[in-house]
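Trainee: Could you work out the structure for the sequence below:
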Amino acid sequence: MNPNGTYLPLARMRRAMPEGTIAFDVTAPIEKVWSFLSDIRQVGRCVPGVDRIEVLDATHARWDLTVKIGPLSQTLKVMTETLEQVPLRRGRFRGSADNIDMTGAIELAPTGGGTRVVYTMSVNAKGPLARIMDNFMRTKLKSQTEEFAANVKRALEG
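Mentor: Residues are numbered from 1 along each chain as shown. As a prediction, this is how the structure comes out:
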């Protein structure tokens, strides 16, 4: 129910997925950045918490992702899938585990000194602890996207 006493449509009652976006510049040509970011294994190595990557085929991989909440940690088996790749421009992906769904996008644009990367990640927790996990992810996603960006820059710039 909204403040004026009428009921909200069901779609508006669903909780919004936590989302993090970061834009950063890499001093490398767009071809090199695309080659790196379109490789499921390379991207996995840059995602904070990914401990193991098993490439299943050209568009699917399984990641062991360790999620820490305060003193607790849990390792999730995340099945990832590349949904779209438009060479030198953008890619979209998703990941799914027992208690969490993720979607993301990477967009590239050439800049005078290299490549501009815009990385967006959305996370949707599932199950009995979904609301608690969503609240935690809202606070954690900013640092996770910043760490991903730093890892990509370090890998590409040396």
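Trainee: all helices for the protein, in order.
Mentor: 10-13, 30-37, 40-46, 130-157 (DSSP state H).
Trainee: Just the buried positions in the third one, please.
Mentor: I take that to be helix 40-46. Using 16 or more other CB atoms under 10 Å as the burial criterion, the residues of helix 40-46 that qualify are 40, 43-44, 46. To be clear about C-beta, it is placed using only N, CA and C from the backbone, and glycine gets the same treatment.
Trainee: Give me the mean pLDDT for it.
Mentor: What helix 40-46 shows for mean pLDDT is 92.
Trainee: picking up where we left off before, is it possible to get JSON lines of the buried residues of helix 40-46 that adds distance to Asn124?
Mentor: Below are the buried residues of helix 40-46 laid out as JSON lines (distance: CB to CB, whole Å):
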{"residue": "Ile40", "distance to Asn124": "21"}
{"residue": "Val43", "distance to Asn124": "20"}
{"residue": "Gly44", "distance to Asn124": "20"}
{"residue": "Cys46", "distance to Asn124": "21"}
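Trainee: ok, so what distance separates the closest residue to Phe24 other than its chain neighbours from Leu72?
Mentor: Spatial nearest neighbour of Phe24, chain neighbours left out: Ala149 (4.4 Å); criterion: CB to CB, 6 or more residues apart in numbering. Here the criterion is CB to CB, to the nearest Å. By it, Ala149 lies 26 Å from Leu72.
Trainee: Compare neighbour counts for the two and give me the winner.
Mentor: Counted by other CB atoms under 10 Å, Ala149 and Leu72 do not tie: Ala149 has more neighbours, with 18 against 7.
Trainee: what about the spatially closest residue to Ala23 that is not a sequence neighbour, neighbour count?
Mentor: Spatially, and ignoring its direct neighbours in sequence, Ala23 is nearest to Val118 (4.6 Å; CB to CB, 6+ apart). By other CB under 10 Å, 14 other residues sit near Val118.
Trainee: just the one 5 residues further on next, same as before
Mentor: The number of residues packed around Val123, counting by other CB under 10 Å, is 23.
Trainee: From the contact counts, what lies against the longest strand along the chain?
Mentor: Identified as the longest strand of the chain according to DSSP state E is strand 72-86. Where contact means 3 or more CB pairs under 8 Å, 6 or more residues apart in numbering; DSSP states H and E, strand 72-86 is packed against helix 40-46, strand 60-69, strand 90-97, strand 100-111.
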